[in-house]
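In: Okay, sequence plus prediction incoming.
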Amino acid sequence: MSERETASRTHDEFCRAIETGDPFYLACPDGHGSVPPRRVCPECGAQSLTVEALPETGRVQAATVVHVATSAFADSAPYVTAIADFGPVSLTGVVAETDPEAVEHGTDVTLAIQRTDERKRPTLVFEPR
Ligand SMILES: [Zn+2]
């Protein structure tokens, strides 16, 4: 894969790759991970990014319950958002589980995409394993 192709990857391609079961991330030569759109590594500024397979399972680093949501998520509140590490990539998503007690630091999750009419952008969803 050429660097030009890597740099042109979009967030929508990232989401569609999750839906088709072939998720990826962008890696720099130093091993930092990021998700598109990126032209340089957000950690070190490296301009040589390659496409790598995203690990299937992530681990929750932090989770919080949202009681007052933005209008696009109003019907879902209260819900849990979390930051999970998938290998070198930290992602923020909504947890597909309304019981806040079920999600904590160290919970293993898999990644999915949810599309609704109310939300313009696809939502990253973490599914506890
Ligand atoms: Zn880097």
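Out: Here it is on my side, so go on. Numbering: from 1, shown residues only.

In: And stretch 103-113, what's buried?
Out: Neighbour-count burial for stretch 103-113 flags 103, 107, 109-113 (criterion: 16 or more other C-beta atoms under 10 Å). Where C-beta positions appear, they are placed from N, C-alpha and C, glycine not excepted.

In: sorry, that was for stretch 37-56
Out: 38, 41, 49, 54-55.

In: Near the ion, list only the ones from those residues.
Out: residue 41 (C-beta under 5 Å from the ion).

In: can you give me the strands in this protein?
Out: With strands called from DSSP state E, the chain shows them at 24-27, 33-34, 50-53, 57-66, 79-86, 89-95, 108-114, 123-128.

In: Now render those as a markdown table, adding distance to the ion and mean pLDDT.
Out: Shown next, in a markdown table, are those (distance: least, C-beta to the ion, whole Å; pLDDT from 0 to 100):
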| stretch | distance to the ion | mean pLDDT |
| --- | --- | --- |
| strand 24-27 | 8 | 96 |
| strand 33-34 | 8 | 96 |
| strand 50-53 | 11 | 95 |
| strand 57-66 | 19 | 94 |
| strand 79-86 | 16 | 94 |
| strand 89-95 | 12 | 95 |
| strand 108-114 | 22 | 95 |
| strand 123-128 | 22 | 94 |
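
In: winner for burial among those?
Out: strand 24-27 (a mean of 23; mean count of other C-beta atoms under 10 Å).

In: and the residue nearest the centre of the chain, how far is that from residue 125?
Out: Centroid check for the chain by C-alpha atoms, centre = their mean gives residue 91 as the closest residue, at 3.8 Å. According to C-beta to C-beta, to the nearest Å, residue 91 stands 11 Å off from residue 125.

In: residues of the top helix by length along the chain that come out buried?
Out: Identified as the longest helix of the chain according to DSSP state H is helix 11-19. Neighbour-count burial for helix 11-19, counted by 16+ other C-beta under 10 Å, picks out 14-15, 17-18.

In: I'm done for today, thanks for sticking with me.
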